[in-house]
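1. sharing a sequence plus its predicted fold:
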Amino acid sequence: MLEIVDLHAEVNGKEILRGINLSVKAGEVHAIMGPNGSGKSTLSSVLAGHPAFTVTKGSVTFNGKDLLAMPAEERSRAGLFLSFQYPVEIPGVSMVNFMRAAVNEHRKYKNQTPLSAGEFLKLMRAKKEIVELDNKLANRSVNEGFSGGEKKRNEIFQMAMLEPCLSILDETDSGLDIDALRIVANGVNQLKTPENASIVITHYQRLLDYIVPDIVHILYKGRIVKTAGRELVAVLEEKGYDWIKKEVGE
Amino acid sequence: MVQDSYIALFNENKNLFLSENPQWYIEKRTEALNILSEKEIESFKDAYTLDYGLNVSRLPFAGDPFSLFRCDIPGLATSNYLVLNDSFYAQNSEPNLPEGVIICSLSEALKDYSDLIKPYLHKSNISNADMAINTLLAQDGMFIYIPDGVQLEKPIQLVNLMYGKVDMMAVSRNLAIIGENAKAQVLVCDHVYGEEVNYLSNRLTQVFVGKNSTYEHYKLESSSSKTTNISTLEIYQEAGSQVLSNLITLANGKTHNRVEVNLNGKGAYLSLNGLGLGQDSEKIENHTFINHNVAGATSNELFKYILNDNSVGNFYGLIKVMKDAQQTQAYQTNRNLCLSKEARMFTRPQLEIYADDVKCNHGATVGQLDESALFYMRARGIDPVEAKMLLMFAFVHDVLDNVRIEPLKDRLQLLIERRLRGDNTHCGGCKICR
């Protein structure tokens, strides 16, 4: 599904990603872990097409297409979803208008007719339940005045609405209390199918207690320095990231 | 001075200007003449230097003036009046107005209702050269009188239409007297016929709102790049009166709106709003003066601009709280978006407070569309153009919320959307714009 080969990227002239190689297949859940500043969020931003980052080398193929050649909106329509670490507040734009615009763009991309207002609201009601999102929130402006937990639940709600084939969850656990974490993780697990895949980016192991990864990567200084099964999470938990630094010879 | 030729025009045609004017109005004209000989024209002075046609000798329009214009806002049922250049016209079939309501031309009012209007016009200040030109040269306009206790159901719509085969100038004056416990909505639409000739209009509107009355004033401009529109609105509010005003500049050439509101009674409430959409080389100026003259009044001011291309926006807002105006609440907000590097916005929010027990604040911002919000929307698959539209709509949303005539609000939403999408079609589809 996703094939990243020797990906290098920089921001403001500073190289952050220094040769990432990663292969994700349908049905898999990958975890990318690593200490602060290792490039985890840069990787997700580059994959989502954030204009602040420049790819200097390498390729990313997504379902056979050149992902890096697509603008951000097309990546989304093609089935890539980024759950933002810091979801953006958009005062004055209602959740309903925002989501309807997004869903209908996705439908247009798939040559489907736009949803009627009634159909759309029905879909929204159904999907809200997945993350127990309050009805009132849907009537408010996008993320405006949402608590940290509500913002993250709203991200997973959007994911449920758009049904991506690859979702990247960027530090979705940050700022969540244990109840919100469980709700968010439950939401993600409910959306899992044999046809889609997820990349869970996190600093801590606690989210991975709920979203169990098949493959775990450790990102350090812009490279994936170790890849193993889910048992790696426990090793990291026990030994911390210093152990990795020693392993790579520092 | 620029105005010398206009002073000369008045002097040469004194008998035309002063014929049928009551003595007190002739004195007013003389006062204006003296002021004009001293005060410089401040806004868009160059526009006065062209050689315009001016209908000094009051030639009537040959034909049905209403054939030039048909407002087609769906569902908007108004009592419709026209000021063609500077001449007032009512429809042949006069609308059914409640008893005691007068809507007629100002020239007629000066003849027939001199005693009624004298207290209002005689004492009004001529505070600048624009108003002096108007007082000196205006021969007609619209007069509205709503007696005590009368609540108008239908909005009164006044279309100011510039029409000419050569460069044309119009000076008109409107007066509205709203009694006590009365209610009226006035919608003023500034339009022009044709894109080719230069138009200059100088229009003065004075509104006196009596105790506990409700008055709404909407001014909408959709004109042409060769139009200079100098417009003054003065509102005087008595105790307990509620005034809502909204000035929307959709498409124009050079526009100068001067609004002065005097809150003269306890419990008076003012909501003063404006929106300017600039593109090409349009210039949009809104200069507002809110005077809290007595205690216990409230004003809420909100002006927003979205400027593209080389357009220039200008906002000046002065709120004055006089010494005895305790328990005043006054809030002023001016927010602006510059969509291009060339667009310029000038803003000067001002508070002058001479009382010590007041709640006042003001704020102004100039910025661009939020890049992080744009990326967030794109990351959900929303087209960048649509994402920008959503953000711009969000931006103007609170100004539109202050339009309380629903069909007008719906139409404005459509017109604003078209305008923001760069569609040059002006006002909806009425005859003059086709």
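-> That came through fine. Residues are numbered from 1 along each chain as shown, chains lettered A, B, ... in the order given.
2. contact partners for residue 161?
-> Just so you know, I chose chain A. A:99, A:102-103, A:123-124, A:127 (CB atoms under 8 Å, 6 or more residues apart in numbering or on different chains). (Glycine included, C-beta is placed from N, CA and C.)
3. not quite, go with chain B.
-> With contact taken as CB under 8 Å, 6+ apart, residue B:161 is in contact with B:68-69, B:82-85, B:191-193, B:432.
4. what of residue B:420?
-> Residues in contact with residue B:420 (CB under 8 Å, 6+ apart) are B:277, B:306, B:389, B:392-393.
5. I figured residue B:106 was touching residue B:171, is that so?
-> No - counting by CB atoms under 8 Å, residue B:106 sits too far from residue B:171 to count as a contact (11.4 Å).
6. shared neighbours, the two?
-> residue B:138.
7. in strands, which of the contacts of residue B:420 appear?
-> Of the contacts of residue B:420, the ones assigned to strands by DSSP state E are B:277, B:306.
8. hang on, residue B:334 packs against residue B:349?
-> Yes - using CB under 8 Å, residue B:334 is in contact with residue B:349, at 5.8 Å.
9. buried sites along stretch A:32-41?
-> Buried positions in stretch A:32-41, judged by neighbour count with 16 or more other CB atoms under 10 Å in any protein chain shown: A:32-35, A:38-41.
10. meant to ask about stretch B:319-330
-> For stretch B:319-330, by 16+ other CB under 10 Å, it's B:319-322, B:325, B:328-330.
11. okay, those residues in CSV with pLDDT next?
-> Output for these, formatted as CSV (pLDDT from 0 to 100):
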residue, pLDDT
B:319, 97
B:320, 97
B:321, 97
B:322, 97
B:325, 97
B:328, 97
B:329, 97
B:330, 97
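12. which residues of the chain fall in helices?
-> In the absence of a named chain, chain A is used. Assignment of helices within chain A using DSSP state H yields the ranges A:40-48, A:72-77, A:95-109, A:117-128, A:135-139, A:148-162, A:178-190, A:231-239, A:242-247.
13. let's do chain B instead
-> Per DSSP H, chain B carries helices over the ranges B:4-12, B:14-18, B:23-38, B:106-112, B:114-123, B:129-137, B:371-378, B:384-400, B:406-420.
14. helices or strands up against the shortest one?
-> Think helix B:14-18. The contact analysis (3 or more CB pairs under 8 Å, 6 or more residues apart in numbering or on different chains; DSSP states H and E) places helix B:14-18 against helix B:23-38.
15. where does chain A dip in pLDDT?
-> Where chain A drops to pLDDT under 70, the residues are A:249-250.
16. now do residue B:63 against residue B:158, distance only.
-> To residue B:158, residue B:63 is 20 Å away according to CB to CB, to the nearest Å.
17. interface residues of chain B facing chain A?
-> Residues of chain B lying near chain A by CB under 8 Å from any CB of the partner chain: B:370, B:372-373, B:375-384, B:386, B:390-391, B:393-395, B:397-398.
18. wait, which of the contacts of residue B:161 is closest to residue A:209?
-> Nearest to residue A:209 among those: residue B:191, at 67.2 Å, using CB to CB.
19. excluding chain neighbours, what is closest to that closest one?
-> Nearest non-adjacent residue to residue B:191, counting by CB to CB, 6 or more residues apart in numbering or on different chains: residue B:161, 5.3 Å away.
20. so what's that neighbour scoring on pLDDT?
-> On pLDDT, residue B:161 comes in at 95.
21. and it, how close does it get to residue A:228?
-> Taking CB to CB, one finds residue B:161 at 78 Å from residue A:228.
22. quick one: residues in contact with stretch B:45-65.
-> Contacts for stretch B:45-65 (CB under 8 Å, 6+ apart): B:2-3, B:6, B:9, B:13, B:16-17, B:41, B:82, B:84-87, B:89, B:137, B:139-140, B:163-164, B:166-171, B:198, B:200, B:228, B:254.
23. let me fix that: stretch B:355-362
-> So stretch B:355-362 is contacted by B:292, B:295, B:317, B:319, B:321-334, B:349-351, B:353 (CB under 8 Å, 6+ apart).
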